[in-house]
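1. this one's structure only:
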C-alpha cells in the first residue's frame, strides 16, 4: 500500500456521449463536452461540492463538440477553445457562453484534436491554438489575427481532389505544442491515423523530424510545453505507448525511444495483465512531476507510469554524432474504471492528484491519486 492508488471519488452518469473533460483553471469546476443523441453539442459545467457533483451551467449548440482547451486564455478570462464536428473553432466565455468570443470555420471535416499555449506562461510567445482535423490539415490560430490561420499545414491538393478523393487524406488524430521556452521557439507535434508522427518547427516553418509508427497515433503530449523539448509521449492503436527522448536528435536515427506494447490491455486487481490488445486513447503528464504520466486504455483501465532516466542521456557514435539514450518505463499503478474506453483525462493544474476522466459509458469520474509526491 505504499505505492500510489487511483481512487474513484465521484461518478456522474450523463445522458449524452462524453468527448472531452477539462478542469477550469483556479477552480473546483470542470467542463464536460459532448454530443447529444440529436447531434447537438452540449457543454456542462460541474462543481465539486463536498461529496457530490453539482451542475452549475449547461449550454447547447447546433454542432456536437469534440475537444476543448483553456491553454490560450489568461487566468482572468478562462475562455474555452472548442473544436466541433462541423470543423468550426469557437472560443467561449463561460460566463456568457451564448455568443462566441471567436468563431471560424477552421476545417472542412471534424476537428479531432486541439491544443493551445501562451495563455498563462510568461515570455513564451503569442497565445495560439492548434487544431487537427479529418481533412488532414493542422492549423495554428491566433484569435487576435482575424479569421485566417497563422500557419496552415495541409496535405498538397491532389488531382481530382473532389468528393471522391478526400479519403486519400490522412486523418490527423492528435496535436500538441512543445519547446516553447522563449518568445521565438515553438514546435507542433502531430500524429496521424496511419502512424505518421511529424514535428513542425513554427519558427523555421519546416518539418523538423518525422517518423512512422506501426499503428495510428491516438494521443501525444510533451512532458512540459514551456521548456526545451525533453520527452514526448505517444499512444497508439493496439496498445502502443512510446516515450521519445527529445533532447538529442541524431542526424540519421532521429530521436531515441522506449516502447511498451501492452499498455492498452486490461489489468486485474491482482496486477495480472490479460485480454486482447486495446487502443491507448490518451496520455497526460502530471503537472507537478513531468516524469509521471497516466494513460487511458480501450478496456476501461487507466495506468500510472514513471519514466526512469538512463545514467547517461547522450552517447557519441563512431562518427562523433551525438545520440540520445532512452530510459525505462515502470508501471506504478493501474485500475479498471469502466467497461468502455477511458478516452479523456485531465489532471487538475493546481491540486496534486485530483483528476477528471471521461469514458464512452456516458459518464464522468473524479479521481484522487494518492502518494504522487513519493514518486
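-> Right, received. Where do you want to start? Predicted model only: the values in this text are computed from it and were never measured.
2. where does the stretch 1-150 of the chain dip in pLDDT?
-> 1, 122 (pLDDT under 70).
3. now swap in the stretch 201-350 of the chain and tell me
-> 268-271.
4. Do you have the helices of it handy? List them.
-> For the stretch 201-350 of the chain, applying DSSP state H, counting those that start in this stretch gives no helices.
5. mind listing the strands in the stretch 151-300 of the chain by residue range?
-> Secondary structure of the stretch 151-300 of the chain by DSSP state E, counting those that start in this stretch: the strands cover 151-153, 172-178, 187-192, 196-201, 206-212, 217-222, 231-236, 241-250, 254-260, 266-267, 273-274, 280-286, 289-297.
6. mind listing what's buried in the fifth one?
-> In other words, strand 206-212. Buried residues in strand 206-212, counting neighbours by 16 or more other C-beta atoms under 10 Å, are found at 208-209. (C-beta placed from N, C-alpha, C; glycine too.)
7. now swap in the first one and tell me
-> Of all the residues in strand 151-153, those buried under the rule 16+ other C-beta under 10 Å are 151, 153.
8. and that strand, how far out from the chain's middle?
-> How far strand 151-153 lies from its chain's middle: 20 Å, per C-alpha atoms, centre = their mean, to the nearest Å.
9. among the strands of the stretch 151-300 of the chain, which is nearest residue 82?
-> strand 172-178 (14.7 Å; C-beta to C-beta).
10. hmm, back to that, which one of the strands of the stretch 151-300 of the chain lies nearest to residue 76?
-> strand 172-178 (21.2 Å).
11. Off-centre distance for that closest one?
-> Worked out by C-alpha atoms, centre = their mean, strand 172-178 lies 7 Å from the chain centre.
12. Quick one: list the elements packing against that strand.
-> Helices and strands touching strand 172-178, as assessed by 3 or more C-beta pairs under 8 Å, 6 or more residues apart in numbering; DSSP states H and E, comprise strand 111-117, strand 128-133, strand 187-192, strand 217-222.
13. strand partners of it, parallel vs antiparallel please.
-> Strand pairing for strand 172-178, determined by DSSP bridges: strand 187-192 (antiparallel).
14. Average pLDDT for the strand it pairs with, rounded please.
-> The predicted model assigns strand 187-192 a mean pLDDT of 97.
15. and for that strand, what are the contacting residues?
-> 130, 132, 136, 138, 140, 151, 153, 170-180, 197-202, 208, 216-220, 222, 229, 232, 234 (C-beta atoms under 8 Å, 6 or more residues apart in numbering).
16. Residue 88 touches residue 108, doesn't it?
-> No - Residue 88 is beyond contact range of residue 108, at 10.8 Å (criterion: C-beta atoms under 8 Å).
17. Give me the more crowded residue out of these two.
-> Neighbours around residue 88 and residue 108, counted as other C-beta atoms under 10 Å, are more numerous at residue 88. The numbers are 21 against 14.
18. The spatially closest residue to that one that is not a sequence neighbour: what's it in contact with?
-> Nearest residue to residue 88, sequence neighbours excluded (C-beta to C-beta, 6 or more residues apart in numbering): residue 105, at 5.5 Å. Residue 105 sits next to 86-88 when contact means C-beta under 8 Å, 6+ apart.
19. How about residue 230?
-> 222-224, 245-247, 290.
20. Residue 51 too?
-> With contact taken as C-beta under 8 Å, 6+ apart, residue 51 is in contact with residue 10.
21. Please list all residues in contact with residue 14.
-> So residue 14 contacts 32, 34, 44, 362-364 (C-beta under 8 Å, 6+ apart).
22. just curious, which of those is nearest to residue 306?
-> For those, the nearest to residue 306 is residue 364 (26.4 Å; C-beta to C-beta).
23. That closest one and residue 282: what is the separation?
-> 14 Å (C-beta to C-beta, to the nearest Å).
24. And those two? Which one has more around it.
-> residue 282 (25 against 22).
25. so the more buried one makes contact with residue 235?
-> Yes - shown here, residue 282 and residue 235 form a contact pair, counting by C-beta under 8 Å, at 6.8 Å.
26. Overlap of the contact sets of the two?
-> 218-219, 295.
27. Turn these into a markdown table, columns for distance to residue 330 and neighbour count.
-> Shown next, in a markdown table, are the shared contacts of residue 282 and residue 235 (distance: C-beta to C-beta, whole Å; neighbours: other C-beta atoms under 10 Å):
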| residue | distance to residue 330 | neighbour count |
| --- | --- | --- |
| 218 | 22 | 26 |
| 219 | 19 | 24 |
| 295 | 13 | 26 |
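28. closest to residue 305 among the residues you listed?
-> Closest to residue 305, out of all of the shared contacts of residue 282 and residue 235 and judged by C-beta to C-beta, is residue 295, at 6.7 Å.
29. can you pull the contacts of the closest one?
-> Per C-beta under 8 Å, 6+ apart, neighbours of residue 295: 219, 235, 241, 263-264, 280, 282-283, 302-303, 305.
30. got it, and residue 307?
-> 231, 243, 258, 291-293, 327-330.
31. closest to residue 374 among those?
-> The closest of those, once distances to residue 374 are taken by C-beta to C-beta, is residue 292, at 10.5 Å.
32. my guess is residue 241 contacts residue 329, does it?
-> Yes - using C-beta under 8 Å, residue 241 is in contact with residue 329, at 7.3 Å.
33. of these two, who's got more company?
-> residue 241 (25 against 18).
34. do you know how far that one is from residue 259?
-> From residue 241 across to residue 259, the span is 7 Å (C-beta to C-beta).
35. Next, count neighbours for residue 93.
-> 16.
36. List the residues that contact it.
-> 77, 79, 101.
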